[in-house]
Structures are given as structure tokens and as C-alpha cells.
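Peer 1: Test case, fold it:
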Amino acid sequence: MTDSIRLPAAELKPSTVPLPGSKSISNRTLLLAALSDNACRIESLLQSDDTRHMLNALDALGVRLERHSDTCVTVHGCGGRFPATQADLFLGNAGTAFRPLTAALALQGGDYRLHGVPRMHERPIGDLVEALQVAGAQIDYLGTDGYPPLHIGPRRADGSRRIPIKGNVSSQFLTALLMALPLGGGAAEIEVVGELISKPYIDITLNLMARFGVQVAHEDYRLFRLPENARYRAPAVVQVEGDASSASYFLAAGFLAGTPVRVSGIDANSIQGDVAFARELEKIGADVVWGEHFIEVSRRPGQAVQPFDLDANHIPDAAMTLAVVALASGAPCTLCNIGSWRVKETDRISAMATELRKLGAEVREEAEALHIVPPAQLTADARIDTYDDHRMAMCFSLVSLLGVPVVINDPQCVNKTFPEYFSLFAGLRA
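Peer 2: Okay, the predicted model is just below:
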């Protein structure tokens, strides 16, 4: 793919898009399978940079992998302890690999170095490290305190089994603790300090842990209790759901274009919180059909895109798509409670504000909110920078459905989660 791609102003034809596997489910499932007492065949696995980093890490840690195809692998579990007690792991910018692996390795103990691309070294991890240290982990910062890269040493014997963790930066910290603490043997409790953001992602974790034989009780997401002597036991086969966050771009495309677009691989019973994105589209004028293993979105002729003021804490990734949908509303729109955007692949609040202004929008950013006033006429051929962030590229592709062409710089950044995105998006055009 070139350094940029120009997307012409386009109309769409009725289409069905098969979704790639969920990133959140894929990397969680790979790690849980690796920690299980048996083998697990994982089908419809996401093929992307993030899953590649997880697979490479598991391979380096001595986990036996049988790769049947790009989207199917059998993981032979190692019974809760990685065979390799020393490893140097490069994890790119894959937070869904870096955070859970940090916890699993720290509670096992050994001699491990975890590092990634420069942006990963700017993404905070101090809250997770502090929680793991309470549990007896030995973790040293190899650069700036509170940030990767990390060195993990032998675990101390005096660790507590009641672990406090802050919940207001990233739900991945709690996910990492939940998945790793059963490796310690005895019963454990996790106390969430402050507000817990992105609860639907914790629901994914709890659902998958239950599928792998570990039931976690919780009191209103404030206190989590892990059972004593828990062991992971993998299902023989796991089918990964389609990625609900990636679905948001195609569902929004059907809404903006007023043409039915169906995504297959998810439905109303999905364990991913981002399926709620379709319900938010319903509130602002979309026609949504909820089928068996599919969701379809369109918009009736004459039905306007309604402005919105949304607390988007429950759909932090999919909410980025709404920032572009706001351009079609003709009135001020607000996304609030999105502070977690600041510590993602880029500072997404700042990046989104900067790029929306290139299209002529008036944008005001706050610490945890974005206020967008669409222009009377969008700027044609605006060159959108993507900040090595896959979601920036995919969100702004939708501008081409609003009557103007748009140029996306560094489009290959979508390889992180969705390498085929731009070819599938082009296939929607009438």
C-alpha cells in the first residue's frame, strides 16, 4: 500500500461484509489457551499485527502452536506455567498482548524483558505494575518510571492475595490481573479503586474466563473474587466472534449512505460491548435489523442524521466512529467520558480534534470530551494524518460518503487489526 490513499466521493450498493475476528477476544483466547491444561483449537482468529505479536510471544515462551491457516491455530496449553523462564519479547503497540502478558509473566516470575514501539513506551502501565508488586511481582522500569519497557524478575513469596487496582486509566489493567491471578494458586480478591471505565471489556474477560473453567464473582465491578486452586481448562474448539469495533465503520457507512450494509459474525447476543454502537445509531436515525449472526444498518429516504450528546464510556473504541458521523448531523454534537482515548495508540482526543478541523469543523476538546460543530461544507481532499493509529484511518474513510473526496495518510496502519479494511471498503461502492 502507498504512503497515502485517496478515497473519491462515493455512493454505496447494498452489501454484506464478513467481519475479521475480534481483537479483544482473539488475544485473550490465545493467552487463556496457552495457560490451560489441554489443547484448544481456535478458529476465525484475527489475522493482524496485534495477534501476530501475541503468537510470537507465546512461541518464544515455549508454548507449542500448530498453525493450520492464517485464522486457525491449535494452542497446546502449558498448565499455567510457561516453559521458557527467560525471554525477550517485542510486542509492538499491542496493548491486548502487552498488559496481560506482563501480569501472567510477573506472577510466574523469571527473567523477562517486555518492550514495544516508541508509542507503547508512552502508554502508562504504572497502575498495573503497582498492583502486581503488591502480589509479590518483581518488576523494574527500563526507561521512564510508570511506562514500558519492563524487566520482570523472580516472584517474591510474600505477596498479598488482595490486590488494589485503579480503574480509571485502562480496563486492560484489570483484565490482566483477572486472567493472571488464578496462576497463583490460592483464592484472591481484586479491589477496584475509583471509577472503572469500559466495563463491557471486563465482561468479555469474565465471559471468556468462564468458558475456560474459571468463574469469577464480583460485587458491582468493585470487588472481584477468584476461586481457590483454579485451573484453566480449554474448550476443544473456540470460534472467535467477528470484531464489533471494526463493524462500526461498515454500520456507519450504511447509515451515512442510506444504503443497507450488513456485517456478519456478530449479533445482539455478542459478548462484545461495542455491538451497542448499532443501538446508538438507532437513536440518531438509523434503521437497524438484528439478525442471527448479523446486524444490518440503513437509513430511510428523508430521515436526517440527528445530532447527539453521548456519554460514550461504554463504547470507547466504536465511539470514535461517531465523531465522523457528527459531520453529517448539521448541528453541534458531544462525546463525553472518553478520557481513555488519551492513552490509546495515540492521544485520540487530540488527534481527532486536529483532523476534524482539517475538514472545516469547529472542535473543542476537553480532558475527557470532544465537542464538534460540523461545517456548512466539508473541505474536499483534506489530507488526514493517522498517527500510526488504525482507528483514525478507518474512521476518516467515512468522510468519502459525505460528498467529498478525502486523502488518508499512512493507510497501512490498519494492519494492526484489519489489513483488508480498505479493499473491503472499496467493495461497498456502487
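
Peer 1: May I have the secondary structure class of Pro164?
Peer 2: Classification of Pro164 using DSSP: H, G, I helix; E, B strand; the rest coil returns strand.

Peer 1: swap in the one 5 residues further on?
Peer 2: Going by three-state DSSP, the secondary structure assigned to Val169 is coil.

Peer 1: What segments of the stretch 51-200 of the chain are helices?
Peer 2: 95-108, 126-134, 171-180, 199-211 (DSSP state H, counting those that start in this stretch).

Peer 1: Please state the offset of the last one from the chain centre?
Peer 2: Spelled out, that is helix 199-211. Computed by CA atoms, centre = their mean, to the nearest Å, the chain-centroid distance of helix 199-211 equals 13 Å.

Peer 1: and the very next helix or strand once past it, which strands flank it?
Peer 2: Counting by DSSP states H and E, the element after helix 199-211 in chain order, helix or strand, is strand 217-219. Using DSSP bridges, strand 217-219 pairs in its sheet with strand 223-226 (antiparallel).

Peer 1: Tell me which stretches of the stretch 301-430 of the chain form helices.
Peer 2: Assigned by DSSP H, counting those that start in this stretch, the helices in the stretch 301-430 of the chain fall at 319-325, 348-358, 390-397, 421-426.

Peer 1: quick one: which of those is nearest Phe294?
Peer 2: helix 421-426 (15.4 Å; CB to CB). The C-beta positions use only the backbone N, C-alpha and C, and glycine is treated the same way.

Peer 1: out of the helices of the stretch 301-430 of the chain, nearest to Tyr147?
Peer 2: Ranking the helices of the stretch 301-430 of the chain by proximity to Tyr147 (CB to CB) places helix 348-358 first, at 18.1 Å.

Peer 1: So which bits of the closest one are buried?
Peer 2: 348-349, 351-353, 355-356, 358 (16 or more other CB atoms under 10 Å).

Peer 1: who's in contact with it?
Peer 2: Outside helix 348-358, the residues that touch it by CB atoms under 8 Å, 6 or more residues apart in numbering are 320, 323-324, 327, 338, 341-342, 363-365, 368-370, 372, 379, 382-385, 387, 389, 391-392, 395-396.

Peer 1: Could you do stretch 110-122 as well?
Peer 2: For stretch 110-122, the surrounding residues in contact (CB under 8 Å, 6+ apart) are 82, 84-95, 98, 101-102, 105, 142-144, 147-154, 345-346, 388.

Peer 1: again with stretch 83-93
Peer 2: Against stretch 83-93 from outside (CB under 8 Å, 6+ apart): 49-50, 53-54, 56-57, 60-63, 97-98, 101, 108, 110-117, 119-120, 123, 345, 388, 416.

Peer 1: Which positions in that stretch come out as buried?
Peer 2: Going by neighbour count (16+ other CB under 10 Å), the buried part of stretch 83-93 is 87, 89-93.

Peer 1: Can you lay out those as CSV showing pLDDT and distance to Val263?
Peer 2: Shown next, in CSV, are the buried residues of stretch 83-93 (pLDDT from 0 to 100; distance: CB to CB, whole Å):
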residue, pLDDT, distance to Val263
Ala87, 98, 38
Leu89, 98, 33
Phe90, 98, 33
Leu91, 98, 29
Gly92, 96, 26
Asn93, 95, 25
